[in-house]
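Visitor: Quick one, what's the 3D model for this:
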Amino acid sequence: MKNMTKALFAVLLLALAAGARAEDKYDQLARELTEAGASVQGKKIAIIPFSYADTKDKASKDGSVIAERLAVKMINMHKFEVIERSALDKVMNELKLQSSGIMDANSTQQLGKLLGVEAIITGTLVQTSGGQIEVNARLIKTETAQAIGASQVTLDKNWIGDDNAVPQQAQQVQQPEPQAYQQPSQPMVKQAARARGPNEYGYFDVIAGAGTQTTDITWDAYRSNIKQTGLLTSGAGPIGFRVGGYGNGAFGGDFEFSVSRHYIDSQRGTVVNNTILYNAVIPAGYLDVTSVGMSGDLLLRTMTKAQFYFGLGLGLSINNIKSSVLRDVRNALLNETAVGFMFRVPVGVRFNMDSTTFFLEWRAEMNSTSFNGGYAGVTNNVTFTGSRFVLGVGSKF
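Guide: Numbers count the residues shown, from 1 in each chain. This is a model prediction of the structure:
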């Protein structure tokens, strides 16, 4: 009795092992192709229905079934982004290509551009004498049409129907197929038409900075033309956000919205009045300016892992100019808002990760604005110049 039980147990194990081997053929196919495509993992791929190598009938149901089952395995491995079959069929119809595993180099490259895929999986079928199907699959890089991997397995046919076995039936089945393919969805094709290059990305950063500045002021009250130059200035900022990006090349750009503050320190400053130089005491609270800046930069970067860049920036500023010392013609403390002009030269380095980006930047900048100080027909000018260190962190898209 014990011997019989052991024999039955051994037969059961053999049966389970044989079943596992049969079921694992698709896993083997997916694993070998994935390992061969290590250089394109994380990118989009398309799986073309397989076709028989020894017949003119390209639209084999066997090839479609095997391709669909392989696609499920590839999706579950989470190594590639697999294009949906419906999108694939529409693009192939646009290119007037057969949905089969036989494609030339030109068709492969066109398909890659329209779908935005880095590689395709395609191949041929051979019916064996034992009623099984030999699958010869290849992973082809679309840019070069070069096969970068291959896998060969023999599968049991466990589905109903075979378009390849009966040519007359295949021709009848092909009749309704144009109706399905005659409904291309243009928006889907356009969305998949352009793939981003490896160095192309956008970013959104939250920024903060600080630095040192000097201030030049020209007072035109009553045409006296008084000038104060090189006044030591403290402040804070900029604080705000930055949105930008780069194409495939070295040039990019950004837009920045930020707030900064400039206030003149208590000091003894140089005053020029009608070519006469003399020193004057500048008290605390002499001038305090809060600036809201809206500006853009044209940037040039290096194509390295840590991307060094420099650029030129222009913008407008809205400046609230206050003083706890100076008064206007109505004897009210100076409190005026005026529009100014901004110019800067940024130099920095940006570090990119999968979905995060951060940068460090030094920039020389100038912010100049004119105001009347409460006197009609008078134009005063204040210009802040200096340098700032700015850092930011955000998301890459």
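Visitor: C-alpha only now, for contacts and for neighbours.
Guide: Will do.
Visitor: Help me confirm that N76 is found in a strand?
Guide: No: applying DSSP: H, G, I helix; E, B strand; the rest coil, one finds N76 to be helix, outside a strand.
Visitor: Tell me how many other residues crowd it.
Guide: When neighbours are defined as other C-alpha atoms under 10 Å, N76 has 10 of them.
Visitor: how close does it get to S86?
Guide: 19 Å (C-alpha to C-alpha, to the nearest Å).
Visitor: Now D205: which helix or strand?
Guide: According to DSSP states H and E, D205 maps onto strand 201-219.
Visitor: tell me which residues in that strand are buried?
Guide: For strand 201-219, burial by neighbour count (16 or more other C-alpha atoms under 10 Å) applies to 201-219.
Visitor: Now the helix or strand following it: buried residues?
Guide: Using DSSP H and E, the helix or strand that follows strand 201-219 towards the C-terminus is strand 226-246. Within strand 226-246, the residues that qualify as buried are 226-229, 231-246, counting by 16+ other C-alpha under 10 Å.
Visitor: In this structure Q41 contacts K79, no?
Guide: Yes: using C-alpha atoms under 8 Å, Q41 is in contact with K79, at 5.6 Å.
Visitor: buried ones in the strand or helix carrying G149?
Guide: Here G149 is covered by strand 146-155, with elements defined by DSSP H and E. Residues of strand 146-155 classed as buried: 147-152, 154-155 (neighbour count, 16+ other C-alpha under 10 Å).
Visitor: same deal with stretch 106-114?
Guide: So, applying 16+ other C-alpha under 10 Å, buried residues of stretch 106-114: 107-114.
Visitor: Pipe those into JSON lines and attach secondary structure and pLDDT per row.
Guide: Supplementary listing: the buried residues of stretch 106-114 in JSON lines, determined by DSSP: H, G, I helix; E, B strand; the rest coil; pLDDT from 0 to 100:
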{"residue": "S107", "secondary structure": "helix", "pLDDT": "81"}
{"residue": "T108", "secondary structure": "helix", "pLDDT": "84"}
{"residue": "Q109", "secondary structure": "helix", "pLDDT": "85"}
{"residue": "Q110", "secondary structure": "helix", "pLDDT": "84"}
{"residue": "L111", "secondary structure": "helix", "pLDDT": "81"}
{"residue": "G112", "secondary structure": "helix", "pLDDT": "85"}
{"residue": "K113", "secondary structure": "helix", "pLDDT": "85"}
{"residue": "L114", "secondary structure": "helix", "pLDDT": "84"}
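Visitor: Out of these, the closest to G253 would be?
Guide: Proximity of these to G253 (C-alpha to C-alpha) peaks at K113, which lies at 25.9 Å.
Visitor: In contact with the spatially closest residue to L232 that is not a sequence neighbour: list those residues for me.
Guide: Nearest residue to L232, sequence neighbours excluded (C-alpha to C-alpha, 6 or more residues apart in numbering): T214, at 4.9 Å. Shown in contact with T214 (C-alpha atoms under 8 Å, 6 or more residues apart in numbering): 230-233, 384-386.
Visitor: Same check on T142?
Guide: 108-109, 111-112, 117-120.
Visitor: Repeat the analysis, applying 6 Å as the threshold.
Guide: 108-109, 112, 118-119 (C-alpha atoms under 6 Å, 6 or more residues apart in numbering).
Visitor: what about P346, which helix or strand?
Guide: Using DSSP H and E, P346 falls in strand 333-352.
Visitor: Now that strand: buried residues?
Guide: 333-335, 337, 339-350, 352.
Visitor: Pull up the pairing partners for it, direction included.
Guide: Sheet pairing here is set by DSSP bridges, and for strand 333-352 it gives strand 306-327 (antiparallel), strand 356-371 (antiparallel).
Visitor: G123 is in contact with L139, isn't it?
Guide: No: counting by C-alpha atoms under 6 Å, G123 stays clear of L139, with 8.6 Å between them.
Visitor: returning to that earlier point: output the contacts of T142 as JSON lines; include the columns distance to K61.
Guide: Shown next, in JSON lines, are the contacts of T142 (distance: C-alpha to C-alpha, whole Å):
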{"residue": "T108", "distance to K61": "22"}
{"residue": "Q109", "distance to K61": "25"}
{"residue": "G112", "distance to K61": "24"}
{"residue": "E118", "distance to K61": "26"}
{"residue": "A119", "distance to K61": "23"}
